[in-house]
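> kindly generate the corresponding structure for this input.
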Amino acid sequence: MENVVLIIHLLLALGLIAVVLLQRSEGGGLGMGGGGGGGAMTGRAAATALSKVTWILAAAFIVTSITLTVLAAQKSAGSSVADRIVAPAGDDGAETAPAAPLGSDLLPPAEGDNAPLVPSAD
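The predicted structure is shown next:
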């Protein structure tokens, strides 16, 4: 289901890009069908039709975006990253103390330690 909605979403995105690029901008841009040569569609009718198609594609794009978000949320609803963490257990089944964090030798000594912060060059 998610793949079908994703494919429709991608096709809508490509169609929306194409329709927007076909529209006449103020500077001419990539707009096609120039001149007032009285074809099947006049300049204003073409602009109205393209704007309606743009609105329809944009609305469908938003609907598929929301649908994909809902599907992704349902897919991950019952799982959490914290659920994947397994606490280490000792031989007797009791939890053991956590290991020293990586890089703990780079930390300064505790207040009660008399060790110097910088090793001496003796």
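> okay, CA-based contacts and neighbour counts for the rest of this
OK.
> how about low-confidence regions in the chain?
26-47, 79, 89-122 (pLDDT under 70).
> what's the longest helix in this protein?
helix 43-75 (DSSP state H).
> buried residues in it?
43, 47, 50, 53-54, 57-58, 60-61, 64, 67-68 (16 or more other CA atoms under 10 Å).
> ok, now stretch 11-18?
Counting neighbours by 16+ other CA under 10 Å, stretch 11-18 gives 12-13, 15-16 as buried.
> who does the longest helix of the chain touch, helix- and strand-wise?
Counting contacts by 3 or more CA pairs under 8 Å, 6 or more residues apart in numbering; DSSP states H and E, helix 43-75 is packed against helix 2-22.
> the helix it packs on vs helix 43-75, what angle?
Orientation note: helix 2-22 sits at an angle of 160 degrees relative to helix 43-75 (axes from the mean of the first three to the mean of the last three CA atoms, to 10 degrees).
> ok, residues contacting helix 2-22?
For helix 2-22, contacts defined as CA atoms under 8 Å, 6 or more residues apart in numbering pick out 30-32, 50, 53-54, 57-58, 60-61, 64-65, 67-68, 71.
> distance of residue 62 from residue 49?
When distance is defined by CA to CA, to the nearest Å, residue 62 is 20 Å away from residue 49.
> hang on, I meant residue 82
Distance from residue 82 to residue 49, by CA to CA: 52 Å.
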